[in-house]
Structure formats: structure tokens, C-alpha cells
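K.L.:
After the sequence you'll find the predicted model.
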Amino acid sequence: MQIDQPEPGFYEMRRVARGPWVAVYIHHGYKGLTAHVDGKPVDPYQIWPWCGGRPISAARYKWRRRLARWARTWNPFSPEANPTKPVDVSRIPPPKFK
């Protein structure tokens, strides 16, 4: 692995310091190397320094994507629903047990 050359694969990174982990997918597209962070297209060269050292499996990538979608729909206060904000445990409501 070269530090200045993104490699295709599945990775995870934090969008901000103390933020939740988000899924990263780097692949060869029709315009060359393409990347998606949390499902959004980004420049792979901009994110590579933050995700290159954290490869993950395809299954973990899919799990992270499903978790983010679920959180945005059903648990908007969870860190995964707001990946551009640092995690503040004082703002996370406690779980409700029935």
C-alpha cells in the first residue's frame, strides 16, 4: 500500500474527530478511481489518508451502511445518524426498555 495512492476496497473512517465510524467504498468507475463515504461521492485522494489504514470486509461495509440508514430513520439522536458531528454522550438519550 502506498500512502499517496488510494486502493480499491472497503474501508471505514471518521468524518470528524470523535465522530462515529462511517463506511467507505473505493472502486474503479467510468471516470477513474471513485469513492463513496457513507453513500456520498467524494474524491478518493482527499479521504485516503484517513481511511487507508482501516480496511474492512464487504460484510462490515454493508452493515455500516444499513446501520446509518436505520439510524437516520428510526434513531435520529444516535451518532450514526449524524456522522459529521462529534459524539457527545451527554446528548444521547438512554435506551428505553419495555
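P.N.:
Ah, there it is.
K.L.:
What strands flank the longest strand belonging to the chain, and is each parallel or antiparallel?
P.N.:
Counting by DSSP state E, the longest strand found in the chain is strand 21-29. Note on strand 21-29: by DSSP bridges, its sheet partners are strand 9-14 (antiparallel), strand 32-37 (antiparallel).
K.L.:
Show me the shaky parts of the protein.
P.N.:
1-2 (pLDDT under 70).
K.L.:
ok, back up a step: deepest-packed of the strands paired with strand 21-29, please.
P.N.:
Among those, strand 9-14 has the highest mean neighbour count (mean count of other CB atoms under 10 Å), at a mean of 19. No exception for glycine: its C-beta is placed from N, CA and C like everyone else's.
K.L.:
From Arg69, how far out is the residue positioned nearest the centre of the chain?
P.N.:
Among the residues of the chain, Val22 comes closest to the average C-alpha position under CA atoms, centre = their mean, at 1.6 Å. In this structure, Val22 and Arg69 are 12 Å apart, going by CB to CB, to the nearest Å.
K.L.:
quick one, longest helix in this protein?
P.N.:
helix 58-74 (DSSP state H).
K.L.:
Same question for that helix: list its buried residues.
P.N.:
Buried residues in helix 58-74, defined by neighbour count with 16 or more other CB atoms under 10 Å: 61, 64-65, 67-68, 71.
K.L.:
got a list of what the closest residue to Trp21 other than its chain neighbours touches?
P.N.:
On the basis of CB to CB, 6 or more residues apart in numbering, the spatially nearest residue to Trp21 that is not a chain neighbour turns out to be Glu12, at 4.7 Å. Contacts for Glu12 (CB atoms under 8 Å, 6 or more residues apart in numbering) come out as 21-24, 51, 54, 56, 60-61, 64.
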